[in-house]
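> build me a model from this:
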Amino acid sequence: MTAAVSTAAAVSTAAAVPAGRSRNLAGTGTLLRFALRRDRVMIPVWVAVNALMVLSMPNTLKGLYATPAERSDLVRQMATNASLRAMVGPVFGDSLGALTAWRVGVYAGVLAAVMSLLVVVRHTRDEEESGRQELVSSGMVGRRAPLTAALLAAAVANAALALLITAGLAGQGAAGALAFGLGVAGVGMVFATMAAIVAQLTESARLARGLTSAVLGAAFVLRAAGDSGTDGGTSQAFSTGGGSSVLTWLSPLGWLENLRAFAAERWWVLLLFAAATALQAGIAYELAGRRDLGMSFLPTRPGPARGRLATAGALAWRLQRGSVLGWSIGFFVAGVVYGGMADGAAQLVGDNAKAREIFQRMGGQSGLTDAFLAAMAGMLGLVAALYVVASVLRLNGEETSGRAEPVLAGAVGRLRWAAGHLLIAFGGSALIMLLAGLGIAVGHGQQVGPMLGACLVQVAGVWVIGGITVLLYGVLPRGAVAAWGVAGAVLLIGWIGPALNVPQLVLDLSPFGHLPKLPGGRMEWGPVATLLALAALLVTGGLAGLRRRDING
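The predicted structure is shown next:
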């Protein structure tokens, strides 16, 4: 709130603008600087993780497929592998640049979209929900200045990402690098403006993030369905645009792949990103001008805190049940998809010794199919760490928004209040991994037991990340957001580390590096028990810190 007071004062001074400047945008520059200052850690972390994922891929692919003949063979195999096309899209060329765009393009777009929607919602609906925007708007701030500043902050983040990708891939072809960088940034801006619309419609920042993420999930599913239904670049019924399904063209992620970076670029596809961004921004601006500050077009339904909401735990469940449901559905579906593509991935690797080595580093020394399934279980565990961080940090959100104080003013102790949210965070992470195991078993047609064990063993690593988050929140609440950096670093190590052949010492920095590789490997209870004990110690330390410090202190 102190920062908001300082910002309001700064805006009041800076907004003494020359005549002719639009009142609706007064103070935008100051709000933009404030937004970038607040996100000085979050934006660089998201940009760095995404850029490193993209820029590490050419060398990885060069090691896996060193000759043009090997790369051409990969393209031919992908043309008949529907399950892998659903996950990463079709490949349009056999150069290292084209293979890089194929291998990481969809995921780079997804990460850019998530970064953008988080930035926009944080500086629009989050600010209104906490009451800070009302204080800031008491200065000389234009009606649409906060929305403009939020979109500009997202644009800065995406521009930085595009610049890094273009510069890093320029050696593979300047035109392709520019197209790929602009395409990834275009996906980010489409979902930034989508988040801006949703932020006007909903009264809750949590719901705004959830609904925009649901749209992103739908875009991924549409693209996957469209790509799996086409045979490489061959046109089929209900297809358009040189072999791409209509479903693919309905998704911004499909636009990114149909830009065809490093493979006879279709520059006109960038107009789709520009048109969608401009249209959605216009809608968001129109909606922003038609509502009162703090209100929404879809207000939440008020209700009495009786019955099932009579306890702190029940309230925590009410607040987080939508998130748990969304993650549960997503993990089950992801498990089904990963299980279904296991045999196809094994066939694609074939006799490629280096690709086999990467899978074995990620999933163990067992058979290739088991190693792939173990690697996918490990990847889902890394993603589950993001869930536990978000769920634990809900405590920080409740505290900083002032909603925790009325609860704690009653006959509710701090530990009891925190326990409700932590039960959902840690129990929810176990639940989504359980559903992921069921999904893999369903998709692969394997016995349920081995896959449940493979996924549930990842919970120990997830809980260590959750424990670190609790410790940061309890002892250093202002630095609690650093938990996202920890989760991002662990994700980067687990995702890119094996492909880059980094030393085992680096892989061991992640708690997931100490877990047994299941299925196929031997179960080792020692590392699992150690990680669970470490998680319990971290949670205990965090709760002890929460008991001793001031709320909002």
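> measure the most centrally placed residue in the chain to residue 220 for me?
Among the residues of the chain, the smallest C-alpha distance to the mean C-alpha position (C-alpha atoms, centre = their mean) belongs to residue 114, namely 4.8 Å. With distances taken as C-beta to C-beta, to the nearest Å, residue 114 is found 11 Å from residue 220. Every C-beta, even on glycine, is put in place using the N, C-alpha and C of the backbone.
> rewinding a little: so what's the residue nearest to the centre of the chain up against?
Residues in contact with residue 114 (C-beta atoms under 8 Å, 6 or more residues apart in numbering) are 46, 191, 213, 216.
> does it belong to a helix, a strand or coil?
Recorded secondary structure, residue 114: helix (DSSP: H, G, I helix; E, B strand; the rest coil).
> same check on residue 331?
Reduced to three states with three-state DSSP, the structure at residue 331 is helix.
> residues in contact with it?
Contacts of residue 331 were listed using C-beta under 8 Å, 6+ apart, and they are 380, 384, 432, 433, 435, 436, 439.
> which SSE is residue 108 in?
When secondary structure is defined by DSSP states H and E, residue 108 falls within helix 96-123.
> distance from that helix to the middle of the chain?
Averaged C-alpha coordinates place helix 96-123 at 9 Å from its chain's average position (C-alpha atoms, centre = their mean, to the nearest Å).
> next secondary structure after that helix?
The C-terminal neighbour of helix 96-123 among helices and strands, as given by DSSP H and E, is helix 125-130.
> that following helix: what's the following helix or strand?
Read in the C-terminal direction, the helix or strand following helix 125-130 is helix 132-136, with elements assigned using DSSP H and E.
> by contact count, what packs against that next one?
Packed against helix 132-136, as judged by 3 or more C-beta pairs under 8 Å, 6 or more residues apart in numbering; DSSP states H and E, are the following elements: helix 2-14, helix 125-130.
> output the last one as CSV, restricted to C-alpha atoms.
Same thing as helix 125-130. Taking Å, rounded to 0.1, in the frame of the first residue of the first chain, the C-alpha atoms of helix 125-130 are listed here in CSV:
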residue,chain,number,x,y,z
ARG,A,125,-7.8,-6.8,-11.9
ASP,A,126,-5.4,-7.7,-9.1
GLU,A,127,-4.9,-4.0,-8.4
GLU,A,128,-8.6,-3.3,-8.4
GLU,A,129,-9.4,-6.3,-6.2
SER,A,130,-6.8,-5.3,-3.6
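> where does this protein dip in pLDDT?
Counting by pLDDT under 70, the ranges of the chain that qualify are 1-22, 81, 83, 229-244, 294-296, 299-310, 343-367, 499-501, 553.
> quick one, strands of the chain?
Defined through DSSP state E, the strands belonging to the chain, from first to last, are 239-240, 244-245.
> spatially nearest residue to residue 71 (excluding sequence neighbours)?
Distance criterion C-beta to C-beta, 6 or more residues apart in numbering; nearest residue to residue 71, sequence neighbours excluded, is residue 94 at 4.1 Å.
> nope, residue 266 is what I meant
Leaving out its chain neighbours, the residue that sits closest to residue 266 by C-beta to C-beta, 6+ apart is residue 260, at 5.4 Å.
> next: residue 228.
Counting by C-beta to C-beta, 6+ apart, the nearest residue to residue 228 once its immediate chain neighbours are dropped is residue 86, at 3.9 Å.
> do I have it right that that neighbour meets residue 225?
Yes: taking contact to mean C-beta atoms under 8 Å, the distance of 7.4 Å between residue 86 and residue 225 places them in contact.
> returning to that earlier point: which of the contacts of residue 114 count as buried?
Listed as buried from the contacts of residue 114 are 46, 191, 213, 216; burial here means 16 or more other C-beta atoms under 10 Å.
> between those residues, which is closest to residue 517?
Here the nearest of those to residue 517, counting by C-beta to C-beta, is residue 46; it sits at 29.2 Å.
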